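> only the shape, not the letters, is given here:
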């Protein structure tokens, strides 16, 4: 049986080029063939030939671990090429699935003529099918990582837009905060405020929290850290927009705001900064 498997493996290697030309062949619908043309231009024949050669080697190799590493490497590259070509994951997996059909269609007649034992045919399937499944799994993981990165980048861009630094005059800017503040967003506010303060050469920053729905102990601590960081860089920070109900909550929590420059609203803070600059 080993000799039969080796014979089939060598035949696959020998005919790898022809097999790679057959991927996406006559059994696919017109729409599928059109989509497969995209993959054909991306994963050219020589590239597809490599995976058929690996399929052939898998039938008689004694180093399956090394072969699997090569299959994984091919799968990662194939997924990257497909992504850059704009191919969806479903279309990529459909084309990969067609590799199985190609192998059997090409060798059906020869296998019948040589009257290979049924166990041999089963062993071929038991060897190649898991490799095809592995290719599909690896490619899916690449697509998933790609989509996750896209979502994270989009989220980061959206977050940055949620921390606008609005210059009102030389050295003075307002940072209006709208929405809830969690640890991640607090870090972003600190990063943006420090970077923009340095870039704009700010001396005074008004942090307005009138759009923050809840200020609890955790949020208050985050605000303290932001203001402390600004002060350490020589920027005087003012906190405005604390609504009466928020003030009552802060007092009830026992949070001490006495060391923070708090003002009722932005107009009051701007007036104080303006008086300072006139003096």
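Great, that's in hand. Values in this document were obtained by computation on a predicted structure and should not be read as measured data.
> hang on, residue 194 packs against residue 232?
No - contact status for residue 194 versus residue 232: not in contact, 9.2 Å apart, counting by C-beta atoms under 8 Å. To be clear about C-beta, it is placed using only N, CA and C from the backbone, and glycine gets the same treatment.
> so these two - more neighbours on which side?
Residue environment comparison for residue 194 versus residue 232 gives the larger neighbour count to residue 194, 18 against 9, counting by other C-beta atoms under 10 Å.
> wait, what's in contact with that one?
Residue 194 makes contacts with 229, 230, 233, as judged by C-beta atoms under 8 Å, 6 or more residues apart in numbering.
> residue contacts, the closest residue to residue 10 other than its chain neighbours?
Nearest non-adjacent residue to residue 10, counting by C-beta to C-beta, 6 or more residues apart in numbering: residue 56, 6.6 Å away. Taking C-beta under 8 Å, 6+ apart, we find residue 56 in contact with 8, 9, 10, 11, 12, 13, 16.
> quick one, helices of the stretch 51-200 of the chain?
Taking DSSP state H, counting those that start in this stretch to define them, one finds helices in the stretch 51-200 of the chain at 64-84, 89-114, 118-161, 183-200.
> quick one: closest of these to residue 254.
Distance to residue 254, taken as C-beta to C-beta, is lowest for helix 183-200 among the helices of the stretch 51-200 of the chain, at 20.5 Å.
> return the distance of that closest one from the chain's centre.
When distances are taken as C-alpha atoms, centre = their mean, to the nearest Å, helix 183-200 is centred 24 Å away from the chain's centroid.
> give me the buried positions along it.
Neighbour counts using 16 or more other C-beta atoms under 10 Å place 185, 186, 188, 189, 190, 192, 193, 194, 196, 197 of helix 183-200 among the buried residues.
> now stretch 223-230
Of the residues in stretch 223-230, those with enough neighbours to count as buried (16+ other C-beta under 10 Å) are 223, 224, 226, 227, 229, 230.
> so the third one: helix, strand or coil?
Of the three states, residue 226 takes helix according to DSSP: H, G, I helix; E, B strand; the rest coil.
> hmm, back to that, among the contacts of residue 194, which are in helices?
Within the contacts of residue 194, membership in helices is found for 229, 230, as judged by DSSP state H.
> possible to save the contacts of residue 194 as JSON lines with pLDDT and distance to residue 166?
Output for the contacts of residue 194, formatted as JSON lines (pLDDT from 0 to 100; distance: C-beta to C-beta, whole Å):
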{"residue": "229", "pLDDT": "92", "distance to residue 166": "19"}
{"residue": "230", "pLDDT": "93", "distance to residue 166": "16"}
{"residue": "233", "pLDDT": "93", "distance to residue 166": "19"}
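> name the nearest of the contacts of residue 194 relative to residue 135.
Proximity to residue 135 was ranked across these by C-beta to C-beta; first place goes to residue 229, at 49.2 Å.
> residue contacts, the closest one?
With contact set as C-beta under 8 Å, 6+ apart, residue 229 has these partners: 190, 193, 194.
> would you say residue 215 is within a strand?
No - counting by three-state DSSP, residue 215 is located in no strand; its state is coil.
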